[in-house]
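Sharing a sequence plus its predicted fold:
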Amino acid sequence: MTIAVLGAGAFGTALAVALARHGARVMLWARDADQVARMQADRMNARRLPGVSFPKPLEVTADLAATEAADIVLLAVPMQQTAGLLAAEARRLDGRALVACAKGIDLVSGRGPTAIIAETCPSALPAVLTGPSFAADIARGLPTALTLACADDARGAVLQAALATPVLRLYRSTDCTGAELGGALKNVIAIAAGVVIGAGLGDSARAALMTRGFAEMNRLALALGAQAETLAGLSGFGDLVLTCTSTQSRNFRFGHALGAGEAFDAATTVEGAATAKAVSVLAEKHRLDLPVAAMVAALVDNRISVPDAVSALLSRPLKKE
Ligand SMILES: NC(=O)C1=CN([C@@H]2O[C@H](COP(=O)(O)OP(=O)(O)OC[C@H]3O[C@@H](n4cnc5c(N)ncnc54)[C@H](O)[C@@H]3O)[C@@H](O)[C@H]2O)C=CC1
Ligand SMILES: O=C(CO)COP(=O)(O)O
């Protein structure tokens, strides 16, 4: 089995390492030839995943043509770059099993990765790999459980078997919409959870925020065709818990900096910021009330201060749960 991973960020590199360690032939593709040369020399991605050595069956390449032999392609570039990569390389990628690993909603189209795959590569098999997992944990070989979603269950089972390892346990689903929306929307709520903790509002407020945020995730995802049980699983509830409660999360740390009034490194990948804006557009289109997500979008755009966002949420009319 040959697996290609497109995107040598923290997550793509961690997945490549985990799969190669388990014996698969893995080709990790990065667009930057200098970065590839460094990784080939160091046998490590010192920038994104320092201290993790590449196993032997892991090859690194800057030549996308070299990945054409792969049976499965993991798409591991950030969400806002995924549509561009698919469009640019559609001829090469169409007809293959394309597993989306990004967690977000495309700002331009308002779509998740599987809809974009279906549009740009109509003969490909779209799938989603998502759930609670930090790249560093996967790279260290710590036990992790994720959702592998594919509308074609028989072919999804083949992907599940190919991508699982003894420590990377994959549960199968046919609900790609639910799986990808869970991963996308939890990032928005994690920013809000970070704001709550950064502003010193306490753990009780964070628990309330997570619960009401989960209700918003369900409201939007169900309106877009997802199944409630998918949202309650690893890709939704599971990842919400992880991301809202760990300082390893970049979305949480970004929110924490907003709440504390501190600077945050603009180069860090924070998927929930763009996704919050995409969610605002979708909420309006589907006439949905998503107050936490709306506040995150406003905070990210500097349209509201943290104290005003908090008092706006607390002064909403009392209602049934
Ligand atoms: N880091 C983590 O713990 C996890 C990340 N993810 C998801 O994986 C996705 C990627 O995140 P990370 O790897 O953490 O990001 P990262 O910030 O570590 O790396 C992103 C990489 O993508 C590359 N890239 C950007 N645009 C590209 C393009 N057009 N073509 C080729 N390469 C391109 C960048 O050069 C960079 O190496 C995100 O959607 C994230 O939510 C999912 C689970 C865990
Ligand atoms: O998706 C993740 C954990 O499941 C990673 O979260 P961050 O992108 O917030 O670091």
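Sure, I can see it. Ligands and ions are numbered 1, 2, ... in the order given.

drop to CA atoms for contacts and neighbour counts, all remaining ones
Noted.

Just after the longest helix belonging to the chain, pick out the following helix or strand.
In the chain, taking DSSP state H as the definition, the longest helix is helix 176-198. The first helix or strand that comes after helix 176-198 along the chain, using DSSP states H and E, is helix 203-223.

Outside of that following helix itself, which residues are in contact with it?
Helix 203-223 is contacted from outside by 177-178, 181-182, 185-186, 189, 192-193, 196-197, 227-228, 231, 237, 240-241, 244, 283, 286, 288-290, 292-293, using C-alpha atoms under 8 Å, 6 or more residues apart in numbering.

the inter-axis angle of it versus helix 176-198?
For helix 203-223 against helix 176-198, the angle by axes from the mean of the first three to the mean of the last three C-alpha atoms, to 10 degrees is 160 degrees.

Using CSV, write down the CA coordinates of helix 203-223.
Taking C-alpha atoms only, helix 203-223 is exported to CSV below (Å, rounded to 0.1, in the frame of the first residue of the first chain):
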residue,chain,number,x,y,z
ASP,A,203,-14.2,27.0,34.1
SER,A,204,-18.0,27.1,34.8
ALA,A,205,-18.4,29.6,32.0
ARG,A,206,-16.3,27.5,29.7
ALA,A,207,-18.5,24.5,30.3
ALA,A,208,-21.6,26.5,29.6
LEU,A,209,-20.0,27.9,26.4
MET,A,210,-19.0,24.4,25.2
THR,A,211,-22.5,23.1,25.8
ARG,A,212,-24.3,26.0,24.1
GLY,A,213,-21.6,25.9,21.4
PHE,A,214,-22.3,22.2,20.8
ALA,A,215,-26.0,23.0,20.4
GLU,A,216,-25.0,25.6,17.7
MET,A,217,-22.8,23.0,16.0
ASN,A,218,-25.8,20.6,15.8
ARG,A,219,-28.2,23.3,14.6
LEU,A,220,-26.0,24.2,11.6
ALA,A,221,-24.7,20.7,10.8
LEU,A,222,-28.2,19.2,10.8
ALA,A,223,-29.5,22.1,8.6
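
Flag every buried residue along it.
Buried positions in helix 203-223, judged by neighbour count with 16 or more other C-alpha atoms under 10 Å: 206-207, 209-214, 216-222.

Next: stretch 147-154.
147, 148, 149, 150, 151.

Just checking the longest helix of the chain against ligand 1, any contact.
No. Figure legend: helix 176-198 not in contact with ligand 1 (C-alpha under 6 Å from any ligand atom); closest approach 7.7 Å.

quick revisit: as a markdown table, the buried residues of stretch 147-154 with secondary structure and distance to residue 126 would be great.
Formatted as a markdown table, those follow (DSSP: H, G, I helix; E, B strand; the rest coil; distance: C-alpha to C-alpha, whole Å):
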| residue | secondary structure | distance to residue 126 |
| --- | --- | --- |
| 147 | strand | 14 |
| 148 | strand | 11 |
| 149 | strand | 9 |
| 150 | coil | 7 |
| 151 | coil | 8 |
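
Tell me the one among the residues you listed nearest to residue 93.
residue 150 (17.1 Å; C-alpha to C-alpha).

near ligand 2, which residues of this structure?
Those residues of the chain that sit near ligand 2, judged by C-alpha under 6 Å from any ligand atom, are 131, 132, 133, 134, 239, 243, 249, 250, 251, 252, 270.

8 Å instead, please
Contact residues (C-alpha under 8 Å from any ligand atom) of the chain with ligand 2: 103, 130-135, 183, 187, 190, 239, 242-243, 248-253, 269-272.

taking the residues you listed one by one, which sit in strands?
Counting by DSSP state E, the part of the residues of the chain next to ligand 2 found in strands is residue 130.

Tell me where the stretch 1-150 of the chain has helices.
Using DSSP state H, counting those that start in this stretch, the helices found in the stretch 1-150 of the chain span residues 10-21, 33-42, 79-88, 90-93, 113-120, 135-139.

among those helices, which is the most enclosed?
Among these, helix 10-21 has the highest mean neighbour count (mean count of other C-alpha atoms under 10 Å), at a mean of 24.

how about it, does it get close to ligand 1?
Yes. Helix 10-21 lies within reach of ligand 1 by C-alpha under 8 Å from any ligand atom, at 10, 11, 12, 13.

OK, contacts around the third one?
If I follow you right, that is residue 12. 5, 6, 28, 74, 75, 76, 77.

what does the first one give?
Each residue near residue 10 by C-alpha under 8 Å, 6+ apart is listed here: 48, 49, 135, 136.

Please tell me how far residue 206 sits from ligand 2.
16 Å (C-alpha to the nearest ligand atom, to the nearest Å).

so which of the contacts of residue 12 are also by ligand 1?
6, 76, 77.

Tabulate the contacts of residue 12 (CSV), appending pLDDT.
Formatted as CSV, the contacts of residue 12 follow (pLDDT from 0 to 100):
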residue, pLDDT
5, 98
6, 98
28, 98
74, 98
75, 98
76, 98
77, 98
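
Between all of those, which two are separated the most?
28 and 77 (11.7 Å).

Of these two, give the one with the bigger neighbour count.
residue 28 (26 against 23; other C-alpha atoms under 10 Å).
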